[in-house]
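In: quick one, structure for this:
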Amino acid sequence: MKGVDEMGIGAMGGGAASAGLKEWDRIILGIDPGTNVMGYGVLGVKRGKPAMITMGVIELTKLGDHYIRLRRIYERVLGIVDNYLPDELAIEAPFFGKNVQSMLKLGRAQGVAMAAALAREVPINEYEPRKIKMVITGNGGASKEQVQEMLRRELNISKENLLTKLDASDALAAALCHFYESKKPAIAKGASSWKAFIAANPDKVRQ
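Out: Numbering: from 1, shown residues only. Presented below is the predicted three-dimensional model:
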């Protein structure tokens, strides 16, 4: 259930969410961590095709104490996980900036969100912001607006269902990025030695 500091949209929400979750083969929760605004997006996959279930933001600016904000993040991520039962979490990794204090706070927000997912045994996948932008738009330097527009097109989201705060679409982009990345075939690791290579590939070596 949403709090007074939360806004979101989607095809499903509130307590009714769990009733419709069975139609999805896979559910991915995306999170854009922050100590002022945290974005979240839930992606459903059915027959190999992704679709938005919901996305939203949690406003934290009204909570003056930093540690109270961290508690709120933990509680809401735990609530979202319990409501939508994701199979995986895709979270945006903090980027390196000049402001050390801001980096520290962002890292804490990410860690608390991860801890909430781990409390429900949800596997975690981290992606750098540039990686997410590259996967979604083909440009690692794309703007947040460009990411949102590409999401709208790829997931067939109406403009009326877009939130003004781009933290929500950034979170959904993390989920979609993970969906695409997880579809890539696994690359076999190279042999640790020439002897191991011969043992694994006897047909490729002349006697």
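In: all strands of this structure, in order?
Out: Along the chain, the segments classed as strands by DSSP state E run 6-10, 26-32, 37-46, 49-59, 88-92, 124-127.
In: residue 82 against residue 120, yeah?
Out: Yes: here residue 82 reaches residue 120: they are 7.1 Å apart, a contact under C-beta atoms under 8 Å. Quick note: C-beta positions are derived from backbone N, CA and C, even for glycine.
In: my guess is residue 78 contacts residue 120. True?
Out: Yes: contact between residue 78 and residue 120 holds when scored by C-beta under 8 Å: they sit 7.1 Å apart.
In: what does stretch 140-152 contact?
Out: Stretch 140-152 is touched from outside by 130-134, 136-137, 139, 157-159, 162, 166, 169-170, 172-173, 176, with contacts defined as C-beta atoms under 8 Å, 6 or more residues apart in numbering.
In: that should have said stretch 61-69, apologies.
Out: Contacts of stretch 61-69 (C-beta under 8 Å, 6+ apart): 5, 35, 36, 37, 60, 72, 105, 108, 109.
In: run the chain-centre distance for that stretch.
Out: With C-alpha atoms, centre = their mean, to the nearest Å as the basis, stretch 61-69 stands 23 Å off its chain's centre.
In: over to stretch 31-51?
Out: 5 Å.
In: end-to-end on that stretch?
Out: 16 Å (C-alpha to C-alpha, to the nearest Å).
In: now do the buried residues in that stretch.
Out: The neighbour-count check on stretch 31-51 (16 or more other C-beta atoms under 10 Å) flags 31-35, 37-45, 50 as buried.
In: lowest-confidence one in those residues?
Out: Among the buried residues of stretch 31-51, residue 35 has the lowest pLDDT, at 88.
In: tell me the helices in this structure, going along the chain?
Out: 66-84, 100-119, 129-137, 144-154, 167-182, 194-200 (DSSP state H).
In: so the residue lying closest to residue 84 once chain neighbours are set aside bridges to which residues?
Out: Distance criterion C-beta to C-beta, 6 or more residues apart in numbering; nearest residue to residue 84, sequence neighbours excluded, is residue 42 at 4.9 Å. Counting by DSSP bridges, residue 42 forms beta bridges with residue 29, residue 54.
In: residues in contact with the residue most central in space within the chain?
Out: For the chain, residue 30 is the residue whose C-alpha lies nearest the centre (C-alpha atoms, centre = their mean; 2.2 Å). Residues counted as contacts of residue 30 (C-beta under 8 Å, 6+ apart) are 40-43, 89-91, 171-178.
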